[in-house]
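Student: prediction below, plus the sequence it came from.
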Amino acid sequence: MEKKRLDKLVGKKIRVSLEKQEFQGIVLESYDPSIILLKLKSGYNIGIDKTKIKGIEEIKEKQEEKVEIMGLKFKPNANLPEVAVIVTGGTISSRIDYKTGAVRPLTKPEDIIATAPRVGEIIKPVIESPFMIWSENISAEEWKKLALTIEKFLNKQNIRGVIVLAGTDTLHYIAAALSFMLGKLNKPVVLTCSQRSIDRGSTDAVLNLTCSAYAALSNIAEVVIVSHATIQDNFCFALRGTKVRKMHTSRRDTFRPINTKPIAAIYEDGRIETYSDYNKRNEKLKVKAEPFFEDKTALVKWHPTLSPEILNFFIENNYQGLVIEATGFGHVASEGKFSWANKLKEAVKKGIVVCFAPQTIYGSLDPFVYSSGREFQKAGVIFLKDMLPETAFVKLGFLLEKKNNRENVKKLMLQNLAGEFNPRLSEKDFLV
């Protein structure tokens, strides 16, 4: 095949022969006219100098064997239990654009299920997509919309559970929001994701989707994130929505339980091993979503030399709640020119609900270990024990819009509403 025809092969699968090597892949648009850019089966791109090419052959494939995900057909089995699959965006809802090599969102949610045929042998998916947004762009408005969409499905007699597909970056925020907004559940609400797009050979989406299908049919009536437990394709963890955090930028097992054990391990063959207590399925219960969140809520990470004047922004702009990631047992500067003592007292007097959450992530705050902690607590700061900062932010925003009475909000911040506190921390809960 003549090299001048390469431009017409963008998006096609070809075989390129060199002097001593041969490569197969999808032709991408090249940024350099002197090279041909291929996406290999591994998911990696390779550039080949056109002057070294000995031969090029287009690989014709049957329709069902195409690398491209779009257009795959999925035929649901009417005899399987129905599970709502809510598609919201993220890498698990995306594919490679073979013209540019970029990741693009899927426009047909059915294609996602088609990539994991095992899912079609476990459940009959009922698919809905209230929005398609990368997770970093999801706001509290989308949390509310998602909660109402889930409520609708949970109260349908034919639906056995709900699976939500979303991006990884803010999935732990979404999980916490749904945990508070949905309250006591009658059926499982399973959030899942992938670190690599579904049309890559190295994708983690297939196992995550398969284990999520089993989780949705299980007896675990909680909001959980289901994703890889290890970097291998062997099993997934089901992790409580208020005690989970993304802990790595790219690893498959990025989501880890914090200050607690996983609820369960879920295997590709459907086995479920439980490790901790959970709320049981109760389909007689009717779920009532409470889609509340006060936008004037903030999460601030304290660090040395951080001027207390930063608090003026929140005071002057009428913020209602503030979660501060404090060091150690619950410390910020209390002496010297960077002392936060007076500004925090001013914020509390202005009516802002101020909370401390552990910057260390693991362990629990304690205001009684050092005198500065006692002084901050006396000034009105709420020490949130072992609650994750992200969970604390979501919970505070939820309560502030739901309950206008500040005293009620302060009391509820220290009550265990959705498993956000672990009153019995164990050494075994560290770095699980």
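Tutor: That came through, no problem.
Student: quick check: the spatially closest residue to residue 343 that is not a sequence neighbour vs residue 323, distance?
Tutor: Residue nearest to residue 343 in three dimensions, not counting chain neighbours: residue 308, with 3.9 Å by C-beta to C-beta, 6 or more residues apart in numbering. Every C-beta, even on glycine, is put in place using the N, C-alpha and C of the backbone. In this view, residue 308 and residue 323 are 16 Å apart by C-beta to C-beta, to the nearest Å.
Student: when those two are compared, which one has more neighbours?
Tutor: residue 323 (28 against 19; other C-beta atoms under 10 Å).
Student: mind checking the SS state of the more buried one?
Tutor: Assigned by DSSP: H, G, I helix; E, B strand; the rest coil, the conformation of residue 323 is strand.
Student: what does residue 282 give?
Tutor: Three-state call for residue 282 (three-state DSSP): coil.
Student: roughly how far does it sit from residue 221?
Tutor: Distance, residue 282 to residue 221, using C-beta to C-beta: 6 Å.
Student: what residues are shared contacts of these two?
Tutor: When contacts are counted by C-beta atoms under 8 Å, 6 or more residues apart in numbering, residue 282 and residue 221 are jointly contacted by residue 186.
Student: ok, the residue nearest to residue 343 - contacts?
Tutor: 333, 338-340, 342-344.
Student: hmm, try it at 10 Å
Tutor: 302, 332-333, 337-344, 346-347 (C-beta atoms under 10 Å, 6 or more residues apart in numbering).
Student: residue 282 and residue 221: which has the busier surroundings?
Tutor: The neighbour count for residue 282 versus residue 221, taken as other C-beta under 10 Å, is higher for residue 221 (22 against 12).
Student: residues touching that one, list them.
Tutor: 154, 161, 184-189, 278-283, 285, 287.
Student: what about stretch 223-235, start to end distance?
Tutor: 19 Å (C-alpha to C-alpha, to the nearest Å).
Student: any idea of the mean pLDDT in stretch 249-262?
Tutor: When pLDDT is averaged along stretch 249-262, the result is 97.
Student: give me the distance from that stretch to the chain's centre.
Tutor: 11 Å (C-alpha atoms, centre = their mean, to the nearest Å).
Student: now the end-to-end length of it.
Tutor: End to end - C-alpha to C-alpha - stretch 249-262 spans 20 Å.
Student: tell me which residues in it are buried?
Tutor: For stretch 249-262, the neighbour count (16 or more other C-beta atoms under 10 Å) marks 252-262 as buried.
Student: what do you get for stretch 135-144?
Tutor: The neighbour-count check on stretch 135-144 (16+ other C-beta under 10 Å) flags 135, 138, 140, 142-144 as buried.
Student: out of those, who's nearest residue 166?
Tutor: The closest of the buried residues of stretch 135-144 to residue 166 turns out to be residue 135 (C-beta to C-beta; 5.7 Å).
Student: measure the closest one to residue 289 for me?
Tutor: Taking C-beta to C-beta, one finds residue 135 at 20 Å from residue 289.
Student: what do you get for residue 372?
Tutor: Noted for residue 372: a distance of 41 Å to residue 289, by C-beta to C-beta.
Student: in the protein, where is pLDDT below threshold?
Tutor: Where the chain drops to pLDDT under 70, the residues are 1-7, 42-44, 61-75, 96-114, 199-201.
Student: residue closest to the middle of it?
Tutor: Central residue of the chain (C-alpha atoms, centre = their mean): residue 171, 1.9 Å from the mean position.
Student: for residue 208, see how far away the closest residue to that residue other than its chain neighbours is.
Tutor: Distance criterion C-beta to C-beta, 6+ apart; nearest residue to residue 171, sequence neighbours excluded, is residue 193 at 5.5 Å. Using C-beta to C-beta, we find residue 193 at a distance of 7 Å from residue 208.
Student: again with residue 37
Tutor: Using C-beta to C-beta, we find residue 37 at a distance of 29 Å from residue 208.
Student: for the stretch 51-200 of the chain, which segments count as strands?
Tutor: Using DSSP state E, counting those that start in this stretch, the strands of the stretch 51-200 of the chain run over residues 55-58, 82-87, 94-96, 103-105, 124-128, 159-165, 189-192.
Student: so which bits of the second one are buried?
Tutor: By neighbour count with 16+ other C-beta under 10 Å, strand 82-87 contains the buried residues 82-87.
Student: picking up where we left off before, let me have the strands of the stretch 51-200 of the chain in TSV, extended by distance to residue 232.
Tutor: Shown next, in TSV, are the strands of the stretch 51-200 of the chain (distance: least, C-beta to C-beta, whole Å):
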stretch	distance to residue 232
strand 55-58	36
strand 82-87	25
strand 94-96	23
strand 103-105	24
strand 124-128	26
strand 159-165	22
strand 189-192	17
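Student: closest one to residue 8 among the ones you listed?
Tutor: Of all those, it is strand 55-58 that lies closest to residue 8, at 9.7 Å by C-beta to C-beta.
Student: the closest one pairs with which strands?
Tutor: Strand pairing for strand 55-58, determined by DSSP bridges: strand 13-17 (antiparallel).
Student: centre of the chain to the partner strand, how far?
Tutor: In terms of C-alpha atoms, centre = their mean, the centre of strand 13-17 is found 38 Å from the chain centre.
Student: cool, stretch 350-365 as well?
Tutor: 22 Å.
Student: likewise stretch 329-343?
Tutor: 33 Å.
Student: just the terminal-to-terminal distance for it.
Tutor: One end of stretch 329-343 sits 20 Å from the other (C-alpha to C-alpha).
Student: do the same with stretch 247-265
Tutor: By C-alpha to C-alpha, the extent of stretch 247-265 from end to end equals 19 Å.
Student: number of nearby residues for the residue nearest to residue 171?
Tutor: Applying other C-beta under 10 Å, we find 29 other residues in the vicinity of residue 193.
Student: wait, it touches residue 94, no?
Tutor: No: Residue 193 lies out of contact with residue 94 (C-beta atoms under 10 Å); the separation is 11.1 Å.
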